[in-house]
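Q: Based on what follows, work out the 3D shape:
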Amino acid sequence: MKTLIALFRGINVGGHNLLPMRELVAILESLGLENVATYIQSGNAVFQSKSRDVSKLAARIRTAIKKIHGFQPDLVLLDLNELQQAVESNPFPEAEAEPSKLHLYFLGSVPQKPDLAGIESLKARERFALVGKVFYLHTLDGLGISKLAARTEKLLGVSATARNWRTVQKVLEMAEGCG
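A: Next up, the predicted model:
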């Protein structure tokens with residue numbers, strides 16, 4: 001069994017794409033996934049799977065949610081090693097002391113032509129780094145007022161879902177204890 005982490009994008013935000021976590025657990029279990037656990041309502045799930053094809057599994061999950069709830073959320077599916085590597089590769093370790101200001105954007109794929117100059121032009125009191133399929137953003141003034149945060153996905157040219165450091169740490173703890 002392989003431990004996987006599903007990071008859903010855009011569920012339970014602003015009253016749209018509502019998916020209670022207990023229903024998400026039931027959907028994932030109906031797909032044969034085991035030891036399913038979720039963290040907060042924004043769509044973080046940890047589970048074990050026998051599936052070897054992560055992209056097919058992600059498609060099955062999206063399809064099952066659409067069938068039951070009428071919308072098909074984007075999600076990034078990571079294995080435990082990928083999440084551990086994302087945490088270990090944090091280029092801003094000093095920012096970990098303020099976990100609400102350090103964000104990891106998990107990308108659907110490695111950006112082929114990211115507009116790093118565009119990202120650089122938007123940054124105010126922020127720092128960023130692109131490492132493989134993770135975009136790290138340290139927002140000194142918070143994510144809510146960041147012009148860069150609002151345009152990151154478009155400038156990278158790939159789909160993304162962001163989590164703050166606290167959430168990443170909690171999901172990693174859950175994944176390491178899964179099973």
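
Q: ok, now which ones touch residue 35?
A: 46-48, 178-179 (Cβ atoms under 8 Å, 6 or more residues apart in numbering). For glycine as for every other residue, the C-beta is placed from the backbone atoms N, C-alpha and C.

Q: isn't residue 174 right up against residue 46?
A: Yes. The pair residue 174 / residue 46 is scored as a contact, 4.6 Å apart, by Cβ atoms under 8 Å.

Q: Of the two, which one has the most company?
A: residue 46 (27 against 19; other Cβ atoms under 10 Å).

Q: taking the mean pLDDT, what do you get for the longest helix out of those in the chain?
A: For the chain, the longest helix by residue count, based on DSSP state H, is helix 54-69. The average pLDDT for helix 54-69 rounds to 93.

Q: Buried ones only from the contacts of residue 35, please, as a ChimeraX command.
A: The ChimeraX selection below is limited to those of the contacts of residue 35 classed as buried (16 or more other Cβ atoms under 10 Å):
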select :46,47,48,178
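
Q: so who does the nearest residue to residue 168 once chain neighbours are set aside touch?
A: Nearest residue to residue 168, sequence neighbours excluded (Cβ to Cβ, 6 or more residues apart in numbering): residue 104, at 5.5 Å. By Cβ under 8 Å, 6+ apart, the residues touching residue 104 are 86, 90, 134-137, 162-165, 168.

Q: Backbone dihedrals for residue 104, please?
A: Main-chain dihedrals, residue 104, degrees, to the nearest 10: phi -110, psi 120.
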